[in-house]
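Chemist: next input, structure requested:
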Amino acid sequence: ETGARFWQTVLTPVITNGEVTQIIGITRNVTERVKQERQLRSQKEQLDEFASVVSHDLRNPLTVAQGRTELLANDCNSEHLAPIVESLDRMEEIISDTLTLARQGQVVSDPEPIALVNIVGKCWKNVRTDEATIEIADKVTITGDRSRLQHVFENLFRNALEHGGPAVTVRVGQIDDSGFYVEDTGPGIPEETREDVFDPGHTSASDGTGFGLTIVKRIAEAHGWQVAVVDGVDDGARFEFTDVNLDQ
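Modeler: Next up, the predicted model:
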């Protein structure tokens, strides 16, 4: 009547005077759990297939097109070449972000201790920061996947520079015993759009892919963290990550 198809049974023997006299069993309906596991497995297989298509079937012809365009630029001068190069570079950026989004949302299974100051410093060097300033308020160690967290910090730094300008200040610090924050001195994010900034494709920049903050949220969720946007100290954007394992 309940539509149950899968059951889980645990049996325990009752021993009296060295002999098994009874067997007590507990059986429960696990149909929904099995269905969810199968659905997740199917989604993962589809996601892996999608990532493979993006990685090979799209990137290969794109690389050929970029190479041919470079050769064409050496042979002739045309006002049409610059827009073509820009469009191909734009496609490469979208493919890269889409691939990251597809692969980085899986649950982190092997986290490691990471000094916040070290990973922040490395990511800051990887981003073109112009006259921007980075301030690290607290020395704390977080537990997570180093490779994925580099995507988090680099995307947040690029977002700060994109909206706060080349002279923006970015601060990174600890939130009590629950997590860490990344904030900037830019214009901030209006309260009514703070939930939307994590949606795929949402961007206020003309040349943005709209995937940067979506990737940040997916990676945070893969770590079991919560991420929210609030007002910064200087009215800029502040991203708070909570439910994080911290070591002083």
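Chemist: right, and the helix or strand after the longest helix belonging to the chain?
Modeler: Using DSSP state H, we find that the single longest helix of the chain is helix 81-104. Downstream of helix 81-104, the next assigned helix or strand under DSSP states H and E is strand 112-115.
Chemist: how about that following strand as CSV, C-alpha atoms only?
Modeler: Output of strand 112-115 as CSV, limited to C-alpha atoms (Å, rounded to 0.1, in the frame of the first residue of the first chain):
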residue,chain,number,x,y,z
GLU,A,112,43.1,19.2,4.2
PRO,A,113,44.2,21.9,6.6
ILE,A,114,44.9,25.2,4.7
ALA,A,115,46.4,28.3,6.1
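Chemist: any buried residues in the next helix or strand after that strand, and which?
Modeler: Where DSSP H and E defines the elements, the next helix or strand beyond strand 112-115 is helix 116-126. Across helix 116-126, burial judged by 16 or more other C-beta atoms under 10 Å covers L116, I119, V120, C123, W124. All C-beta spots, glycine's among them, are computed from the backbone N, C-alpha and C.
Chemist: and helix 116-126, how far from the chain's centre?
Modeler: Distance, stretch centre to chain centre, for helix 116-126: 17 Å (C-alpha atoms, centre = their mean, to the nearest Å).
Chemist: also stretch 34-51?
Modeler: 19 Å.
Chemist: hang on, the earlier thing: for T143, state which of the buried residues of helix 116-126 is nearest.
Modeler: L116 (11.1 Å; C-beta to C-beta).
Chemist: pLDDT weak spots in the chain?
Modeler: 1-2, 43, 47, 97, 100-106, 200-210, 248 (pLDDT under 70).
Chemist: show me the strands in it, by range?
Modeler: Counting by DSSP state E, one finds strands in the chain at the ranges 7-16, 19-29, 112-115, 133-136, 141-144, 169-175, 179-184, 226-231, 237-242, 246-247.
Chemist: tabulate these (CSV), appending mean neighbour count and distance to E79.
Modeler: Converted to CSV, those look like this (neighbours: other C-beta atoms under 10 Å; distance: least, C-beta to C-beta, whole Å):
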stretch, mean neighbour count, distance to E79
strand 7-16, 10, 69
strand 19-29, 10, 68
strand 112-115, 14, 48
strand 133-136, 14, 39
strand 141-144, 18, 48
strand 169-175, 20, 38
strand 179-184, 23, 38
strand 226-231, 17, 42
strand 237-242, 21, 38
strand 246-247, 14, 55
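Chemist: on that earlier part again, okay, the buried residues of helix 116-126 in a markdown table with distance to S109 next?
Modeler: Supplementary listing: these in a markdown table, determined by distance: C-beta to C-beta, whole Å:
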| residue | distance to S109 |
| --- | --- |
| L116 | 22 |
| I119 | 19 |
| V120 | 24 |
| C123 | 23 |
| W124 | 28 |
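Chemist: that older thread, by contact count, what packs against the longest helix of the chain?
Modeler: helix 31-52, helix 59-75, helix 146-164, helix 212-222 (3 or more C-beta pairs under 8 Å, 6 or more residues apart in numbering; DSSP states H and E).
Chemist: list the buried residues in the longest one.
Modeler: Counting neighbours by 16+ other C-beta under 10 Å, one finds that the buried residues in helix 31-52 are A51.
Chemist: the last one now?
Modeler: Of the residues in helix 212-222, G212, L213, T214, I215, V216, K217, R218, I219, A220, A222 count as buried by neighbour count, 16+ other C-beta under 10 Å.
Chemist: tell me the angle it makes with helix 81-104.
Modeler: 10 degrees (axes from the mean of the first three to the mean of the last three C-alpha atoms, to 10 degrees).
Chemist: now do helix 212-222 and strand 237-242, the angle between them.
Modeler: 10 degrees.
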